[in-house]
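**Student:** When you get a sec, could you give me coordinates for this:
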Amino acid sequence: MSIERVKQFLSPMGLSDRIEEFDVSSATVELAANALGVEGARIAKTISLHGKEGSCVLVVCAGDHKIDNGKFKARFGFKPKMLSHEEAPAMTGHPVGGICPFALPENVPVYLDLSLRRFDTVYPAAGTANSAVRLSCEELFIASGAKSWEDLCRARES
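**Tutor:** This next block holds a predicted model:
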């Protein structure tokens, strides 16, 4: 199970005890915010995108942001395209709704969006559609093995 892999992955860093599992779904920003009792912007959503030559790229951003096509293309040289519901688990090792930047295949790069940095604490998923883990932005950067902080997203219209 994906959450068990995430727990094992985060355990050596002393972070696995921060994983919360819910009796309700946390598969969307709104559902996760309700389950945690926090504002939606604090949900660190992991967006799974096609990379070059059959690979994938993960971008983690604040829950009130979304990929900015122009910024993404300027940074990576190609247009962002989401993985399908079938591709995502095969390429990330996690189901849709639980995709997270932990316990990934070695060839999956993670980039963190600057939209997260305004918070002391954020909540990415922990491998299932009913889990999350509380982390500081620095802990998220280290635990995810992120390549870098990037400006790849923009605020969603309300």
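**Student:** alpha carbons only for contacts and neighbour counts from here, please
**Tutor:** Noted.
**Student:** Flag the shaky bits of this protein, pLDDT-wise.
**Tutor:** For the chain, applying pLDDT under 70 flags the ranges 1, 158.
**Student:** mind listing the helices in the chain by residue range?
**Tutor:** Taking DSSP state H, the helices of the chain run over residues 2-10, 29-36, 69-76, 87-92, 137-144.
**Student:** any idea how far Ala32 is from the closest residue to Gly63 other than its chain neighbours?
**Tutor:** Nearest non-adjacent residue to Gly63, counting by CA to CA, 6 or more residues apart in numbering: Ala41, 4.2 Å away. Applying CA to CA, to the nearest Å, the value for Ala41 to Ala32 is 10 Å.
**Student:** So between the two, which is more surrounded?
**Tutor:** Ala32 (30 against 22; other CA atoms under 10 Å).
**Student:** wait, what's in contact with that one?
**Tutor:** Ser25, Ser26, Gly40, Ile43, Asn130, Ala132 (CA atoms under 8 Å, 6 or more residues apart in numbering).
**Student:** wait, isn't the fourth one in contact with Ala126?
**Tutor:** Okay, so that is Ile43. No. At 11.8 Å, Ile43 and Ala126 do not qualify as touching, with contact defined as CA atoms under 8 Å.
**Student:** what's the nearest residue to the residue nearest the centre of the chain if we skip its chain neighbours?
**Tutor:** In the chain, the residue lying closest to the centroid (CA atoms, centre = their mean) is Thr46, at 2.4 Å. In space, and not counting its chain neighbours, Thr46 is closest to Val60: 4.4 Å by CA to CA, 6+ apart.
**Student:** and if you look at Val122?
**Tutor:** Nearest residue to Val122 in three dimensions, chain neighbours excluded: Arg42, at 4.9 Å (CA to CA, 6+ apart).
**Student:** Would you agree that neighbour is in contact with Ala62?
**Tutor:** Yes. Assessed by CA under 8 Å, Arg42 is found in contact with Ala62 at 6.0 Å.
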